[in-house]
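[1] what shape does this take:
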Amino acid sequence: MKNFNNKVIAVTGAGSGIGRALVIGLRAAGARVAASDIVEGNLQSLREYGGESELLLSKLDVSDNAAMKAWAKAVKSHFGVVDGIINNAGVALSCHAAEQPREQMEWLFGVNYWGVINGVEAFLPELLDRPESCVVNISSLFGLLSVPSQSSYNAAKFAVRGYSESLRQDLRDTAVKVVTVHPGGIKTNIANNGRHLNSITGNAADVAKTADIFNSIAATTPEKAAAVIIRGMRKSKVRVLIGSDARLLDIIQRLFPASYDRLLVPLMNVGTRLVLKRI
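    Residues are numbered from 1 along each chain as shown. Coordinates of the predicted model:
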């Protein structure tokens, strides 16, 4: 998708963070955008970026398959066509696997995994009819490697990665390009709005400061992340890494696939102690 001018792109989780930055970036590139978020109030600040003919704002729970299908129909009805879907909506959960309430895991999978599947299934029939279209699925650095207390998040993001890579192969002979995105630490509200029962290092202590720790070490702004994603869409990249942390840790995981965890946990513990001294 080298030219976004007048293209119609749907974005989930668009009310804040990377999603909001994507809407702004796509509008600047000339795209018409369908923006959705589970918190309707979060969308209101986007109204300045276009009128009804350029920007459609909708409340949406991506874990609700029927609601997703209804949204896809509304987007097609409003704009006439759809050229891309960016499945960006996501939530966070930190908890030891052995102590994790099943309902918490199902909540996270409903958004982070099934939200992606729902988005692809709802929009793919229309995308297949376009001469040029794209599916962008947001995985994570944690879709490349695993860390303590993130079993649900890791599982969902690994699943998004696997699903996306298979989907890309299934669509190889079509005009639909599939882009899988792996952001590192991004300065968004995902940690603030997450559910934290254990800290990122796997310890029970300082759980209340998990969001502060994450926000202190997150190195990339949503605007930078959105710019990298849009560039990846332009170049039809199959995998997009965002941030120096994602690029470095991806290399470490590739070099030490069976032992990277023994290298990462001490680094996280040291980093956490340093951050706690500042907050």
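[2] just checking, next helix/strand downstream of the one helix or strand in the chain whose mean pLDDT sits lowest?
    Counting by mean pLDDT, DSSP states H and E, the weakest-scoring helix or strand in the chain turns out to be helix 210-217, with a mean of 57. Following helix 210-217 in sequence order, the next helix or strand is helix 222-234 (DSSP states H and E).
[3] can you give me the buried ones in that following helix?
    222, 224-226, 228-230, 232-233 (16 or more other Cβ atoms under 10 Å). Where C-beta positions appear, they are placed from N, C-alpha and C, glycine not excepted.
[4] same check, this time on stretch 36-50
    Under 16+ other Cβ under 10 Å, the buried positions of stretch 36-50 are 36-38, 42-43, 46, 49-50.
[5] CA atoms of that stretch as CSV?
    This file holds the C-alpha atoms of stretch 36-50, laid out as CSV (Å, rounded to 0.1, in the frame of the first residue of the first chain):
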residue,chain,number,x,y,z
SER,A,36,-13.1,2.3,17.1
ASP,A,37,-12.5,2.0,20.8
ILE,A,38,-14.3,0.3,23.7
VAL,A,39,-14.3,3.6,25.6
GLU,A,40,-16.3,6.0,23.4
GLY,A,41,-15.1,9.1,25.2
ASN,A,42,-11.5,8.3,24.2
LEU,A,43,-12.5,8.9,20.6
GLN,A,44,-13.7,12.4,21.0
SER,A,45,-10.3,14.0,20.7
LEU,A,46,-10.0,12.6,17.2
ARG,A,47,-12.9,14.7,15.8
GLU,A,48,-10.5,17.5,14.8
TYR,A,49,-8.8,15.2,12.3
GLY,A,50,-11.7,14.9,9.9
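[6] mind listing residues that contact that stretch?
    10-16, 19-20, 23-24, 27, 32-33, 35, 55, 57-62, 71, 89 (Cβ atoms under 8 Å, 6 or more residues apart in numbering).
[7] so how far is the helix or strand where residue 125 lies from its chain's centroid?
    Assigned by DSSP H and E, residue 125 falls within helix 114-127. Distance of helix 114-127 from the chain centroid (Cα atoms, centre = their mean, to the nearest Å) equals 15 Å.
[8] name the helices or strands packed onto it?
    Applying 3 or more Cβ pairs under 8 Å, 6 or more residues apart in numbering; DSSP states H and E, we find helix 114-127 packed against helix 65-79, strand 84-87, strand 133-138, helix 151-170.
[9] any idea which of those is most buried?
    Scoring those by mean neighbour count under mean count of other Cβ atoms under 10 Å gives strand 84-87 as the most buried, with a mean of 28.
[10] elements contacting the next helix or strand along the chain from that strand?
    Next helix or strand after strand 84-87 toward the C-terminus (DSSP H and E): strand 93-94. With contacts taken as 3+ Cβ pairs under 8 Å, 6+ apart, strand 93-94 sits against helix 102-112, helix 151-170, strand 195-196.
[11] same thing but 6 Å
    Taking 3 or more Cβ pairs under 6 Å, 6 or more residues apart in numbering; DSSP states H and E as the contact definition, strand 93-94 has no neighbouring helices or strands.
[12] please work out the average pLDDT along that strand.
    For strand 93-94, mean pLDDT rounds to 86.
[13] ok, now stretch 6-19?
    Averaged over stretch 6-19, pLDDT sits at 96.
[14] count of residues packed around residue 100?
    18 (other Cβ atoms under 10 Å).
[15] pLDDT score for it?
    87.
[16] quick one: low-confidence ranges for the stretch 151-279 of the chain?
    Counting by pLDDT under 70, the stretch 151-279 of the chain contains low-confidence ranges at 187-218, 265-279.
[17] got the CA positions of stretch 232-247 in CSV?
    Output of stretch 232-247 as CSV, limited to C-alpha atoms (Å, rounded to 0.1, in the frame of the first residue of the first chain):
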residue,chain,number,x,y,z
GLY,A,232,5.9,-1.0,7.1
MET,A,233,2.5,-1.0,5.4
ARG,A,234,3.9,1.1,2.6
LYS,A,235,6.8,-1.4,2.1
SER,A,236,4.6,-4.5,2.6
LYS,A,237,6.9,-5.7,5.3
VAL,A,238,5.9,-9.1,6.8
ARG,A,239,7.4,-8.4,10.2
VAL,A,240,7.9,-5.0,11.8
LEU,A,241,9.9,-4.6,15.0
ILE,A,242,9.4,-1.3,16.9
GLY,A,243,12.1,0.1,19.3
SER,A,244,15.7,-0.7,20.0
ASP,A,245,14.6,-3.0,22.8
ALA,A,246,12.6,-5.1,20.5
ARG,A,247,15.4,-5.3,18.0
